[in-house]
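Asks: no sequence for this one, just the structure:
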(Lines give C-alpha, C1' and ligand atoms only; values in the text may rest on other atoms or scores of the structure.)
Protein backbone atom coordinates (compact mmCIF):
# COMPACT_ATOMS: atom_id res chain seq x y z
CA UNK A 1 0.00 0.00 0.00
CA UNK A 2 1.51 3.34 -1.02
CA UNK A 3 2.10 5.98 1.63
CA UNK A 4 1.88 9.69 1.05
CA UNK A 5 2.08 13.16 2.57
CA UNK A 6 -0.83 15.55 2.07
CA UNK A 7 -0.31 19.28 2.59
CA UNK A 8 -2.31 22.49 2.73
CA UNK A 9 -1.91 25.97 4.23
CA UNK A 10 -4.47 27.67 6.49
CA UNK A 11 -4.63 31.17 7.96
CA UNK A 12 -5.46 32.25 11.48
CA UNK A 13 -4.14 33.94 14.60
CA UNK A 14 -1.28 33.26 17.01
CA UNK A 15 -1.51 34.84 20.45
CA UNK A 16 0.91 34.80 23.38
CA UNK A 17 2.19 37.27 25.97
CA UNK A 18 -0.50 39.78 25.10
CA UNK A 19 0.41 39.89 21.40
CA UNK A 20 -1.73 38.67 18.49
CA UNK A 21 -0.35 37.95 15.02
CA UNK A 22 -1.86 36.78 11.75
CA UNK A 23 -0.11 33.59 10.65
CA UNK A 24 -0.19 30.91 7.99
CA UNK A 25 0.21 27.33 9.20
CA UNK A 26 1.12 24.25 7.24
CA UNK A 27 -1.22 21.28 7.52
CA UNK A 28 0.47 17.88 7.22
CA UNK A 29 -1.30 14.51 7.01
CA UNK A 30 0.67 11.28 6.50
CA UNK A 31 -0.64 7.82 5.80
CA UNK A 32 -1.97 5.43 3.18
CA UNK A 33 -5.32 5.09 1.44
CA UNK A 34 -7.08 3.87 4.59
CA UNK A 35 -5.43 5.38 7.67
CA UNK A 36 -3.46 8.51 8.52
CA UNK A 37 -1.86 10.65 11.19
CA UNK A 38 -2.69 14.35 11.45
CA UNK A 39 0.16 16.61 12.53
CA UNK A 40 -1.07 19.67 14.47
CA UNK A 41 -4.56 21.16 14.50
CA UNK A 42 -4.45 24.81 13.41
CA UNK A 43 -7.37 27.11 12.70
CA UNK A 44 -9.73 25.07 10.48
CA UNK A 45 -11.27 21.64 11.14
CA UNK A 46 -12.82 21.35 7.69
CA UNK A 47 -9.53 22.04 5.90
CA UNK A 48 -7.94 19.22 7.89
CA UNK A 49 -10.84 16.87 7.16
CA UNK A 50 -10.43 17.60 3.44
CA UNK A 51 -6.84 16.34 3.64
CA UNK A 52 -7.93 13.31 5.65
CA UNK A 53 -10.42 12.56 2.84
CA UNK A 54 -12.49 10.02 4.74
CA UNK A 55 -9.61 7.95 6.06
CA UNK A 56 -9.39 6.67 9.63
CA UNK A 57 -7.35 9.08 11.73
CA UNK A 58 -5.20 6.99 14.05
CA UNK A 59 -4.01 10.00 16.06
CA UNK A 60 -3.62 13.77 16.06
CA UNK A 61 0.01 14.48 16.95
CA UNK A 62 0.81 17.95 18.26
CA UNK A 63 4.32 19.30 17.72
CA UNK A 64 3.72 21.83 20.53
CA UNK A 65 0.87 23.63 22.25
CA UNK A 66 0.91 27.20 20.95
CA UNK A 67 -2.64 28.20 20.11
CA UNK A 68 -2.08 28.36 16.35
CA UNK A 69 -1.14 24.65 16.44
CA UNK A 70 -3.83 23.38 18.83
CA UNK A 71 -6.76 25.76 18.49
CA UNK A 72 -9.14 23.24 16.87
CA UNK A 73 -7.62 20.10 18.42
CA UNK A 74 -10.65 19.23 20.60
CA UNK A 75 -13.11 19.86 17.77
CA UNK A 76 -10.96 17.88 15.35
CA UNK A 77 -10.68 14.98 17.80
CA UNK A 78 -14.46 14.87 18.08
CA UNK A 79 -14.98 15.22 14.32
CA UNK A 80 -12.64 12.37 13.34
CA UNK A 81 -12.92 10.25 16.51
CA UNK A 82 -9.17 10.26 17.14
CA UNK A 83 -7.06 10.91 20.25
CA UNK A 84 -4.97 14.06 20.60
CA UNK A 85 -1.37 13.41 21.69
CA UNK A 86 0.85 16.08 23.32
CA UNK A 87 4.15 15.97 25.19
CA UNK A 88 3.34 16.48 28.89
CA UNK A 89 5.90 19.28 29.28
CA UNK A 90 3.61 21.44 27.13
CA UNK A 91 0.51 21.02 29.30
CA UNK A 92 0.87 24.56 30.80
CA UNK A 93 0.98 25.99 27.27
CA UNK A 94 -2.02 23.90 26.19
CA UNK A 95 -4.05 25.15 29.15
CA UNK A 96 -3.72 28.74 27.94
CA UNK A 97 -6.01 27.76 25.03
CA UNK A 98 -7.96 24.79 26.41
CA UNK A 99 -8.19 25.07 30.21
CA UNK A 100 -11.26 22.84 30.44
CA UNK A 101 -10.11 19.90 28.33
CA UNK A 102 -6.88 17.93 28.46
CA UNK A 103 -5.16 16.07 25.60
CA UNK A 104 -6.08 12.42 25.35
CA UNK A 105 -2.58 10.94 25.48
CA UNK A 106 1.09 11.72 26.04
CA UNK A 107 3.82 11.90 23.46
CA UNK A 108 7.01 10.24 24.69
CA UNK A 109 10.50 10.60 23.26
CA UNK A 110 11.27 7.74 20.82
CA UNK A 111 7.64 6.59 20.81
CA UNK A 112 6.69 5.22 17.40
CA UNK A 113 3.38 5.33 15.54
CA UNK A 114 2.61 2.92 12.71
CA UNK A 115 0.36 3.20 9.66
CA UNK A 116 0.78 -0.01 7.69
CA UNK A 117 4.49 -0.11 6.79
CA UNK A 118 4.92 3.59 7.65
CA UNK A 119 6.57 4.45 10.96
CA UNK A 120 6.73 7.90 12.58
CA UNK A 121 9.02 8.43 15.57
CA UNK A 122 8.65 11.11 18.24
CA UNK A 123 11.75 13.22 18.95
CA UNK A 124 11.54 15.50 21.99
CA UNK A 125 13.14 18.79 20.91
CA UNK A 126 12.58 21.38 23.64
CA UNK A 127 13.33 25.05 23.16
CA UNK A 128 10.51 26.71 21.27
CA UNK A 129 8.37 25.30 24.08
CA UNK A 130 9.33 22.79 26.80
CA UNK A 131 7.33 20.00 25.16
CA UNK A 132 8.11 20.66 21.51
CA UNK A 133 8.59 17.53 19.44
CA UNK A 134 9.60 16.67 15.90
CA UNK A 135 8.13 13.67 14.09
CA UNK A 136 10.56 11.65 11.99
CA UNK A 137 9.62 9.11 9.34
CA UNK A 138 12.61 7.21 7.95
CA UNK A 139 10.24 5.55 5.46
CA UNK A 140 9.44 8.95 3.96
CA UNK A 141 12.91 10.42 4.57
CA UNK A 142 11.05 13.29 6.22
CA UNK A 143 10.94 15.07 9.56
CA UNK A 144 8.03 17.29 10.59
CA UNK A 145 9.57 19.97 12.79
CA UNK A 146 6.66 22.12 13.95
CA UNK A 147 8.20 25.39 15.11
CA UNK A 148 11.52 23.89 16.20
CA UNK A 149 13.18 24.34 12.82
CA UNK A 150 12.34 26.34 9.69
CA UNK A 151 14.02 26.78 6.33
CA UNK A 152 15.41 30.08 7.65
CA UNK A 153 16.62 28.96 11.06
CA UNK A 154 15.52 27.85 14.52
CA UNK A 155 12.03 28.59 15.77
CA UNK A 156 11.39 31.73 17.77
CA UNK A 157 12.50 32.08 21.37
CA UNK A 158 12.28 35.07 23.68
CA UNK A 159 8.63 34.47 24.59
CA UNK A 160 7.13 32.71 27.58
CA UNK A 161 8.10 29.04 27.92
CA UNK A 162 10.94 29.30 25.33
CA UNK A 163 14.70 28.76 25.66
CA UNK A 164 17.20 29.63 22.91
CA UNK A 165 20.02 27.46 24.26
CA UNK A 166 17.66 24.49 24.45
CA UNK A 167 16.43 24.88 20.87
CA UNK A 168 19.99 25.11 19.54
CA UNK A 169 20.90 21.97 21.47
CA UNK A 170 17.80 20.17 20.18
CA UNK A 171 18.61 20.98 16.56
CA UNK A 172 22.29 20.08 16.96
CA UNK A 173 21.79 16.89 18.92
CA UNK A 174 18.56 15.46 17.48
CA UNK A 175 18.03 16.85 13.97
CA UNK A 176 21.47 17.43 12.42
CA UNK A 177 22.41 13.72 12.80
CA UNK A 178 19.50 12.69 10.52
CA UNK A 179 20.47 11.66 6.97
CA UNK A 180 21.37 14.74 4.87
CA UNK A 181 18.67 14.06 2.27
CA UNK A 182 15.93 14.12 4.93
CA UNK A 183 13.21 16.60 4.03
CA UNK A 184 12.28 19.12 6.75
CA UNK A 185 8.57 20.03 6.73
CA UNK A 186 7.96 22.82 9.28
CA UNK A 187 4.83 24.26 10.83
CA UNK A 188 5.15 27.47 8.82
CA UNK A 189 6.78 28.39 5.54
CA UNK A 190 8.73 26.40 2.95
CA UNK A 191 10.44 23.07 3.43
CA UNK A 192 14.17 22.44 3.41
CA UNK A 193 16.59 19.53 3.93
CA UNK A 194 18.91 18.50 6.72
CA UNK A 195 21.84 19.06 4.35
CA UNK A 196 20.79 22.69 3.90
CA UNK A 197 20.35 23.11 7.64
CA UNK A 198 23.83 21.71 8.35
CA UNK A 199 25.34 24.17 5.88
CA UNK A 200 23.74 27.15 7.66
CA UNK A 201 23.73 26.02 11.27
CA UNK A 202 26.93 27.68 12.50
CA UNK A 203 25.77 31.00 11.03
CA UNK A 204 22.44 30.69 12.82
CA UNK A 205 24.13 29.98 16.16
CA UNK A 206 26.36 33.03 15.78
CA UNK A 207 23.46 35.45 15.31
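Replies: On my side now, so go ahead. Predicted model, so just to flag it, every value in this text is computed and none were measured.
Asks: For the longest helix along the chain, what does the pLDDT average out to?
Replies: Identified as the longest helix of the chain according to DSSP state H is helix 194-206. Regarding helix 194-206, the rounded mean pLDDT is 94.
Asks: Packing partners of it?
Replies: Helix 194-206 is packed against strand 153-154, with contacts defined by 3 or more Cβ pairs under 8 Å, 6 or more residues apart in numbering; DSSP states H and E. (Glycine included, C-beta is placed from N, CA and C.)
Asks: just checking, what packs against the helix or strand just after the strand it packs on?
Replies: Remark: after strand 153-154, the chain's next helix or strand is helix 164-170, criterion DSSP states H and E. If contacts are counted by 3+ Cβ pairs under 8 Å, 6+ apart, helix 164-170 sits against strand 153-154.
Asks: average pLDDT across the strand it packs on?
Replies: For strand 153-154, mean pLDDT rounds to 96.
Asks: Pull the distance from it to the chain's centre.
Replies: Taking the mean of its C-alpha atoms, strand 153-154 sits 15 Å from the chain's own mean (Cα atoms, centre = their mean, to the nearest Å).
Asks: How about stretch 110-124?
Replies: The chain centroid and the centroid of stretch 110-124 are separated by 13 Å under Cα atoms, centre = their mean.
Asks: Which helix or strand in this protein has the lowest average pLDDT?
Replies: helix 194-206 (a mean of 94; mean pLDDT, DSSP states H and E).
Asks: Can you give the distance of that one from its chain's centre?
Replies: Distance of helix 194-206 from its chain centroid, counting by Cα atoms, centre = their mean, is 20 Å.
Asks: And the contacts of it?
Replies: Helix 194-206 is contacted by residues 143, 149, 151, 153-154, 168, 171-172, 175-176, 178-182, 184 when judged by Cβ atoms under 8 Å, 6 or more residues apart in numbering.
Asks: same check, this time on stretch 165-182
Replies: Against stretch 165-182 from outside (Cβ under 8 Å, 6+ apart): 123-128, 132, 134, 136, 141-143, 145, 148-149, 154-155, 157, 184, 193-195, 197-198, 201, 205.
Asks: again with stretch 85-92
Replies: By Cβ under 8 Å, 6+ apart, the residues outside stretch 85-92 that reach it are 59-62, 64-65, 70, 94, 102-108, 122, 124, 126, 129-133, 161.
Asks: hang on, isn't residue 128 packed against residue 157?
Replies: Yes - Residue 128 lies in contact with residue 157 (Cβ atoms under 8 Å); the separation is 6.8 Å.
Asks: Compare those two (neighbour count), which wins?
Replies: residue 128 (29 against 16; other Cβ atoms under 10 Å).
Asks: returning to that earlier point: quick one: buried residues of the least confident helix or strand of the chain?
Replies: Residues 194, 197, 201 are the ones in helix 194-206 that count as buried (16 or more other Cβ atoms under 10 Å).
Asks: same check, this time on stretch 85-102
Replies: Going by neighbour count (16+ other Cβ under 10 Å), the buried part of stretch 85-102 is 85, 86, 87, 89, 90, 93, 94, 97, 98.
Asks: That's all I had, so thanks and see you.
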